[in-house]
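In: starting from these lines, generate the structure:
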Amino acid sequence: MGGAQVVSLAAGFVRAKVVAMVFGASGIGLIGVLNSFSGNISSFVAWGLSASGVRVIAGASEAERPVRVSAVRYLGRWLSWLGLAVALILFWPMGRVTFASDEYTLELAIAGLAVPCVVASAAWSAILQSTGQLKTLAKIQVFGAFAGLLLGLPLIYFGGTFGVALSILLAAAVLAAALWQAARRHYPADSVPANAADIRQLLHLGGALMAVGWLAQLSSYLVRLTIIRGYGLESAGHYQAAFAIAGNLGGFVIVAMGADFFRRISEARDEKEAAHLAEKQIQAGLLLGLPLLAGLLTMGRFCLHLLYADSFDAAIPLLSWMVWGIFLRLIAWPLGYWLLARGSTSAVVVSEATVNAVMVVLPLILTPDFGLLGAALGFCGSYVIYAGLMIGFARWRSGIWLSAPTWLSIAGATCVLLLAQISVAHTEGLYWGLLPTALIALGCVWIYRRTLRQS
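Out: Residues are numbered from 1 along each chain as shown. This next block holds a predicted model:
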């Protein structure tokens with residue numbers, strides 16, 4: 001799954017590189033808005049099916065599993081049609097709100113057509129993931145990334161902004177078609193009828209999951225709206241570039257670990273075992289993510305020039321603050337999954353609502369004094385609050401604080417990142433960060449191998 005995620009990230013960055021070369025920072029800003037529009041609707045309409053489906057199917061016996069699969073498939077089909085209807089209703093008013101004109105209305109409509117594909121993909125990936133078909137799922141993600149990229153690049157180059165929107169739709173459609181074929185091969189359609197009780201369980205559990213995902217998408221959209229209205233589409237492109245690099249590399253670690261983590265923590269015997277799994281996941285996430293984050297902190301300029309263009313230097317200070325936000329997210333994410341998997345959905349919704357509200361409010365407060373940098377400061381500040389809330393809720397749920405080894409891992413990782421950032425603060429050139437990044441990577445590999453030998 002980690003390898004598949006690397007391929008997906010690489011395909012996304014190649015697509016962004018072409019957009020940056022053809023359209024500049026304003027093109028990156030536009031693709032961020034289009035993805036945010038379709039992502040907002042998808043997160044709301046999908047109703048958390050990608051995670052609730054895994055939990056419902058994984059927790060079933062072998063005899064009950066086909067019925068649960070039918071329930072996920074049935075709900076996914078209806079939610080997909082609902083997503084299409086919502087996208088067609090909202091594309092024009094959202095275009096007016098975002099751009100204060102009809103200039104990009106058609107692009108929003110095209111990107112909105114990707115919504116049913118995304119929702120259907122959530123249902124089919126949940127079926128594959130919950131039944132242990134991770135290898136199949138990884139292969140499909142690799143195929144979808146390559147196919148979407150190869151088919152989408154000519155559209156971007158020759159089709160202008162309409163081509164950008166079409167490439168988003170095409171990438172979603174290719175992935176959905178491949179997932180549909182794989183899910184149908186392992187579980188033929190309508191082999192058993194769906195059970196109304198299972199559908200109600202999916203809706204009940206999915207409500208909290210939907211709130212978590214949708215709040216994140218909504219806050220991201222509102223931040224972009226604030227930047228576009230205050231500083232223009234080009235500044236939104238600089239923000240999107242920094243956000244994409246930091247968020248996607250952090251997301252690589254989360255997706256790679258999360259493919260099996262939610263199922264395992266759902267099946268934990270008690271809260272003590274669940275807490276142990278969550279803490280091990282924090283330590284594993286720091287080992288995986290530390291070299292990537294160090295590379296971004298020490299070679300941010302090089303990464304922006306490589307993945308976008310030389311004209312994206314305005315995003316460099318934003319990237320540093322966003323990297324620290326993602327570092328905190330790696331700490332908080334396993335705790336959030338623990339609470340979600342063990343039934344504390346209200347705690348998760350409260351924490352997510354709080355952090356996403358802060359993520360919107362802080363940029364509004366900070367951008368008048370700090371300019372575009374205020375949006376990145378708000379991003380980092382919101383994850384400071386999020387990590388604190390997750391640690392507090394975990395203490396409330398289990399009755400114990402995080403263990404000493406976990407705190408030592410967090411403190412050590414923080415010091416290492418700070419030293420790496422300070423070491424290149426006054427150096428010239430693009431490649432000085434290779435030395436601290438390589439040393440950190442070697443250290444993480446050594447710790448990883450030592451841990452394996454001890455276990």
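In: isn't residue 66 up against residue 193?
Out: No: the pair residue 66 / residue 193 is not scored as a contact, 9.9 Å apart, by C-beta atoms under 8 Å. Every C-beta, even on glycine, is put in place using the N, C-alpha and C of the backbone.
In: who has more neighbours, these two?
Out: In this view residue 66 and residue 193 are compared by other C-beta atoms under 10 Å, and residue 66 has more residues nearby, 16 against 11.
In: element containing the more buried one, please.
Out: Assessed by DSSP states H and E, residue 66 sits inside helix 65-99.
In: which other helices and strands contact that helix?
Out: helix 25-45, helix 49-58, helix 105-112, helix 115-130, helix 196-231 (3 or more C-beta pairs under 8 Å, 6 or more residues apart in numbering; DSSP states H and E).
In: residue contacts, residue 32?
Out: With contact taken as C-beta atoms under 8 Å, 6 or more residues apart in numbering, residue 32 is in contact with 224, 236, 237, 239, 240, 243, 244.
In: among those residues, name the ones in strands.
Out: In this view, those have no member that belongs to strands under DSSP state E.
In: give me the neighbour count for the closest residue to residue 396 other than its chain neighbours.
Out: Distance criterion C-beta to C-beta, 6 or more residues apart in numbering; nearest residue to residue 396, sequence neighbours excluded, is residue 347 at 7.5 Å. For residue 347, the count of nearby residues is 22 (other C-beta under 10 Å).
In: ok, now which ones touch residue 347?
Out: Listed by C-beta under 8 Å, 6+ apart, the contact set of residue 347 reads 339, 393, 396, 397.
In: so residue 13 touches residue 307, yeah?
Out: Yes: applying C-beta under 8 Å as the test, residue 13 and residue 307 come out as touching, 4.9 Å apart.
In: ok, back up a step: okay, the residue nearest to residue 396: pLDDT?
Out: As predicted, residue 347 sits at a pLDDT of 71.
In: now do the one 5 residues further on
Out: As predicted, residue 352 sits at a pLDDT of 75.
In: that one contacts residue 214, doesn't it?
Out: No: in this structure residue 352 lies outside contact range of residue 214 using C-beta under 8 Å: 9.3 Å.
In: quick check on residue 46: phi, psi?
Out: With angles defined as degrees, to the nearest 10, residue 46 sits at phi -70, psi -20.
In: ok, now which ones touch it?
Out: Listed by C-beta under 8 Å, 6+ apart, the contact set of residue 46 reads 79, 83, 118, 119, 122, 210, 213.
In: if we can go back for a sec, filter the contacts of residue 347 down to the ones in strands?
Out: Per DSSP E, those never map to strands.
In: for the stretch 351-455 of the chain, give me the ranges with low pLDDT.
Out: 428-430, 455 (pLDDT under 70).
In: repeat that for the stretch 101-250 of the chain.
Out: In the predicted model of the stretch 101-250 of the chain, residues 188-191, 208-209, 212-213 satisfy pLDDT under 70.
In: the nearest residue to residue 133 once chain neighbours are set aside and residue 79: what is the separation?
Out: Residue nearest to residue 133 in three dimensions, not counting chain neighbours: residue 186, with 6.2 Å by C-beta to C-beta, 6+ apart. Going from residue 186 to residue 79 by C-beta to C-beta, to the nearest Å gives 21 Å.
In: who's more crowded, the two?
Out: Neighbour count, other C-beta under 10 Å: between residue 186 and residue 79, residue 79 has more, with 25 against 14.
In: so residue 247 sits against residue 319, correct?
Out: No: in this structure, residue 247 is not within contact of residue 319 by C-beta under 8 Å, at 10.6 Å.
In: so the nearest residue in space to residue 246 that is not next to it in sequence, which state does it fall into?
Out: Once flanking residues are discounted, residue 246 sits nearest to residue 322: 3.9 Å by C-beta to C-beta, 6+ apart. Secondary structure state of residue 322, per DSSP: H, G, I helix; E, B strand; the rest coil, is helix.
In: thinking again about what came up before, quick check: mean pLDDT across the helix holding residue 66?
Out: pLDDT averaged over helix 65-99 gives 88.
In: which residues does residue 404 contact?
Out: Residue 404 touches nothing, counting by C-beta under 8 Å, 6+ apart.
In: picking that back up, looking at the helices and strands packed on helix 65-99, which is nearest to residue 70?
Out: For these, proximity to residue 70 was assessed by C-beta to C-beta; helix 196-231 is nearest, at 8.1 Å.
In: what packs against that closest one?
Out: helix 25-45, helix 49-58, helix 65-99, helix 233-266, helix 316-341, helix 345-370, helix 373-398.
In: what's the spacing between residue 206 and residue 372?
Out: Noted for residue 206: a distance of 36 Å to residue 372, by C-beta to C-beta.
In: between the two, tell me which one has more neighbours.
Out: Set residue 206 next to residue 372 and count neighbours by other C-beta under 10 Å: residue 206 wins out with 23 against 20.
In: let's see the one helix or strand residue 439 maps to as CSV, backbone CA atoms only.
Out: Element membership of residue 439 [criterion: DSSP H and E] is helix 434-454. The C-alpha trace of helix 434-454 is given here as CSV (Å, rounded to 0.1, in the frame of the first residue of the first chain):
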residue,chain,number,x,y,z
LEU,A,434,20.8,16.3,1.6
LEU,A,435,23.3,15.8,4.5
PRO,A,436,20.9,16.2,7.5
THR,A,437,18.2,14.4,5.6
ALA,A,438,20.4,11.4,4.8
LEU,A,439,21.6,11.2,8.4
ILE,A,440,18.1,11.2,9.7
ALA,A,441,17.0,8.6,7.1
LEU,A,442,19.9,6.3,8.1
GLY,A,443,19.1,6.8,11.8
CYS,A,444,15.4,5.9,11.2
VAL,A,445,16.5,2.8,9.2
TRP,A,446,18.8,1.7,12.1
ILE,A,447,16.1,2.1,14.7
TYR,A,448,13.6,0.2,12.5
ARG,A,449,16.0,-2.7,12.0
ARG,A,450,16.9,-2.8,15.7
THR,A,451,13.2,-2.9,16.6
LEU,A,452,12.6,-5.8,14.2
ARG,A,453,15.5,-7.8,15.7
GLN,A,454,14.1,-7.2,19.2
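In: which other helices and strands contact it?
Out: So helix 434-454, by 3+ C-beta pairs under 8 Å, 6+ apart, packs with helix 271-298, helix 404-423.
In: mean neighbour count, the ones you listed: which tops it?
Out: Comparing the helices and strands packed on helix 434-454 by mean neighbour count (mean count of other C-beta atoms under 10 Å), helix 271-298 comes out on top with a mean of 21.
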